[in-house]
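>>> Return atomic coordinates for the entry below.
(4 chains, ligands or ions: 2)
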Number of protein chains: 2
Amino acid sequence: MAETIIPKATAKRLPLYYRYLTFLANAGTTKVSSTELSEAVKVDSATIRRDFSYFGALGKRGYGYDVKDLITFFKKILNQDRLTNVALVGVGNLGHALLNYNFRQANNIRISAGFDLNPDIAGTIQSGVPIYPMADMVEQLKEQQIEIVILTVPTDAAQDITDGLVKAGIKGIMNFTPLRISVPSYVRVQNVDLATELQTLIYFLEHYGPTLKDAEADKAQ
Amino acid sequence: MAETIIPKATAKRLPLYYRYLTFLANAGTTKVSSTELSEAVKVDSATIRRDFSYFGALGKRGYGYDVKDLITFFKKILNQDRLTNVALVGVGNLGHALLNYNFRQANNIRISAGFDLNPDIAGTIQSGVPIYPMADMVEQLKEQQIEIVILTVPTDAAQDITDGLVKAGIKGIMNFTPLRISVPSYVRVQNVDLATELQTLIYFLEHYGPTLKDAEADKAQ
DNA sequence: ATTGAAAAGCGAAATATTGCACAATATTGC
DNA sequence: GCAATATTGTGCAATATTTCGCTTTTCAAT
Ligand SMILES: NC(=O)c1ccc[n+]([C@@H]2O[C@H](COP(=O)([O-])OP(=O)(O)OC[C@H]3O[C@@H](n4cnc5c(N)ncnc54)[C@H](O)[C@@H]3O)[C@@H](O)[C@H]2O)c1
Ligand SMILES: NC(=O)c1ccc[n+]([C@@H]2O[C@H](COP(=O)([O-])OP(=O)(O)OC[C@H]3O[C@@H](n4cnc5c(N)ncnc54)[C@H](O)[C@@H]3O)[C@@H](O)[C@H]2O)c1
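Numbers count the residues shown, from 1 in each chain, chains lettered A, B, ... in the order given. Ligands and ions are numbered 1, 2, ... in the order given. As a prediction, this is how the structure comes out:
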């Protein structure tokens, strides 16, 4: 674990860099400077250089960064060199949208199992992914050695299901419900709260002047 | 604008507080302490007190905060006292999921118009929302005086459409595409990059020890 | 080879955010 | 009315993150 601990803020930007680098590579570009990258990903160029420097000297002064080198490096760092299987619990509105999306193409991530209470869905195959009944959840997760779950169930059910996920040995949860679920300290939760994000945007529009220098957010996060 | 400028990090937490406060009110609870709130929203209690204190002394020492008072106050601050209309461009996978979701109930936000290139969808009504063809976008947005747009189109189309949105006088964009769109400084963009969030979660699991004290994430963003 | 321009890397300052710890003050029960 | 208790509000130190500005290195053109 943790070669040299990287700032959380940096870690959040790595996938962003990686995606743009693969775009550049596909376009046949072989080198890139922090300034060019900066324009594309909307992150200050000094921040990009600092981010990269946590991993050692990846660039060449006076020249820039070699796109292929960076990709090779980040591919490994970001686990893009092996397929990551995740499960999805709650195959409703959002769940279906996520199932339909091809995370594999750009991210080498695959939703390999779904779970739902609804007997009309459980037992079927949706977008090529088998959906199991909730009763089978813990067993299946263990069997398939899945460590990451996307949680898109109604808010009321979120904590109960989470407790089951923890029992199943899950390590990370991407939580789309507005509930801040409780988990033991060894489980990591990534909250994606769409309604909150929308409200935050509205708040910024009402209360902050026309962009006090941050044309984008996130942290946005 | 900006009474006393509130830290961005605080602003992002306000909707979270608000949601839990309305939950408390519905449950008949009349008072709450920063410690109780802290457990529910998973934010340090001192941070909560600090956040609230930016708006003045909202609580009573030795007692806590009056739930109703806080709600009244934040309702106004967060524009929850009036309906906010937003538009959605790109009625595909994600777009449909968002259309189906009732943002009005908890957030007093309504998607009042949709736009899509696909002639099978344009001209229809989806989940009670009229979907217009792209040719009508600028005109409709102006006519309906919509200032906020949710962008769920294919990545290729994102920048072109954004340019149209800017022409239509849009002030804020919630961008679900992985492209960091370019906008003039008076337009605010909130990026929601689901694939990146998932990758970040994977990165944390691989490279950070079992939770170095942040059982949850975000910011955020 | 020499030189000029480009751009990384990085110390250090600036900025932002969090969390401790405690004095101030309200509430409650007696 | 008084003591005991609870809990806010905040100075301040700690931590995290960004950004400046400069030095060093490399490249490419002469
Ligand atoms: N759809 C959106 O745009 C949106 C926006 C913001 C937040 N959210 C949040 O995301 C979550 C999911 O939203 P959605 O719109 O997809 O909801 P949904 O109702 O469409 O889907 C929920 C799914 O979970 C299943 N389910 C219900 N109870 C279950 C249980 N106990 N165990 C397992 N599965 C169960 C249902 O059968 C359904 O398929 C909710 O918490 C919602 O608040 C959604
Ligand atoms: N679905 C997901 O789970 C998911 C996950 C991560 C990122 N995303 C991103 O969100 C965006 C939308 O994803 P999706 O899965 O909903 O895609 P989608 O293809 O299902 O939907 C896109 C919609 O936009 C419409 N469209 C296409 N070109 C258009 C144009 N020029 N103008 C207007 N409308 C146009 C299409 O008709 C379609 O209805 C994409 O950028 C995708 O990368 C989606």
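>>> Give the pairing partners of whichever strand or helix holds A:Ser112; include direction for each.
Here A:Ser112 sits within strand A:109-116, counting by DSSP states H and E. Partners of strand A:109-116 in the sheet, by DSSP bridges, are strand A:84-89 (parallel), strand A:129-133 (parallel).
>>> Just the CA trace of the first one, in CSV.
Listed in CSV are the C-alpha atoms of strand A:84-89, where the atom choice follows Å, rounded to 0.1, in the frame of the first residue of the first chain:
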residue,chain,number,x,y,z
THR,A,84,-12.1,-4.4,-11.9
ASN,A,85,-15.4,-6.1,-11.2
VAL,A,86,-18.0,-4.3,-9.2
ALA,A,87,-21.6,-5.0,-8.2
LEU,A,88,-24.7,-2.8,-8.3
VAL,A,89,-27.4,-3.0,-5.7
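>>> is any part of the biggest helix by length in chain A close to chain B?
The residue-count maximum for a helix in chain A (DSSP state H) belongs to helix A:8-26. Yes - for a cut-off given as Cβ under 8 Å from any Cβ of the partner chain, helix A:8-26 has contacts with chain B, namely A:Lys8, A:Ala11, A:Lys12, A:Leu14, A:Pro15, A:Leu16, A:Tyr18, A:Arg19. C-betas here are computed from N, CA, C, even on glycine.
>>> so which of these also contact DNA strand C?
With Cβ under 7 Å from any atom of the strand as the criterion, these include none near DNA strand C.
>>> picking up where we left off before, buried residues in the longest helix of chain A, which are they?
Residues of helix A:8-26 classed as buried: A:8, A:10-24 (neighbour count, 16 or more other Cβ atoms under 10 Å in any protein chain shown).
>>> quick check, nearest of those to A:Asp44?
The nearest member of the buried residues of helix A:8-26 to A:Asp44, counting by Cβ to Cβ, is A:Arg13 at 10.8 Å.
>>> what's near enough to touch the closest one?
Contact partners of A:Arg13, counting by Cβ atoms under 8 Å, 6 or more residues apart in numbering or on different chains, are A:Val41, A:Val43, A:Thr47, A:Asp51.
>>> For it, give me the pLDDT.
Note on A:Arg13: pLDDT of 97.
>>> Give me the neighbour count for whatever residue of chain A ends up closest to ligand 1.
Proximity of chain A to ligand 1 (Cβ to the nearest ligand atom) peaks at A:Gly92, 1.7 Å away. For A:Gly92, the tally of surrounding residues (other Cβ atoms under 10 Å in any protein chain shown) stands at 17.
>>> how about the residue lying farthest from the centre of chain A, secondary structure?
Relative to the C-alpha centroid of chain A, counting by Cα atoms, centre = their mean, A:Gly62 is the outermost residue, at 33.5 Å. Look at A:Gly62: counting by DSSP: H, G, I helix; E, B strand; the rest coil, its state is coil.
>>> Quick check: residues of chain A near DNA strand D?
By Cβ under 7 Å from any atom of the strand, the residues of chain A that approach DNA strand D are A:7-10, A:44, A:46-47, A:50, A:60-63, A:213.
>>> between these, which is nearest B:Phe74?
A:Lys213 (26.4 Å).
>>> on that earlier part again, out of the buried residues of helix A:8-26, the closest to ligand 2 would be?
Checking the buried residues of helix A:8-26 one by one against ligand 2 (Cβ to the nearest ligand atom), the nearest turns out to be A:Arg19, at 10.3 Å.
>>> any idea how far that closest one is from B:Lys68?
With the distance defined as Cβ to Cβ, to the nearest Å, A:Arg19 ends up 46 Å from B:Lys68.
>>> Also A:Leu58?
Taken as Cβ to Cβ, the span from A:Leu58 to B:Lys68 is 55 Å.
>>> at contact distance from chain B, anything in whichever strand or helix holds A:Leu201?
Here A:Leu201, judged by DSSP H and E, is contained in helix A:194-207. Yes - between helix A:194-207 and chain B, judged by Cβ under 8 Å from any Cβ, the touching residues are A:194-207.
>>> mind giving me JSON lines with these and columns for pLDDT and neighbour count?
Formatted as JSON lines, the entries for these read as follows, by pLDDT from 0 to 100; neighbours: other Cβ atoms under 10 Å in any protein chain shown:
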{"residue": "A:Leu194", "pLDDT": "97", "neighbour count": "21"}
{"residue": "A:Ala195", "pLDDT": "97", "neighbour count": "17"}
{"residue": "A:Thr196", "pLDDT": "96", "neighbour count": "20"}
{"residue": "A:Glu197", "pLDDT": "96", "neighbour count": "22"}
{"residue": "A:Leu198", "pLDDT": "97", "neighbour count": "23"}
{"residue": "A:Gln199", "pLDDT": "96", "neighbour count": "27"}
{"residue": "A:Thr200", "pLDDT": "96", "neighbour count": "26"}
{"residue": "A:Leu201", "pLDDT": "97", "neighbour count": "23"}
{"residue": "A:Ile202", "pLDDT": "96", "neighbour count": "26"}
{"residue": "A:Tyr203", "pLDDT": "95", "neighbour count": "18"}
{"residue": "A:Phe204", "pLDDT": "95", "neighbour count": "21"}
{"residue": "A:Leu205", "pLDDT": "95", "neighbour count": "19"}
{"residue": "A:Glu206", "pLDDT": "91", "neighbour count": "15"}
{"residue": "A:His207", "pLDDT": "90", "neighbour count": "16"}
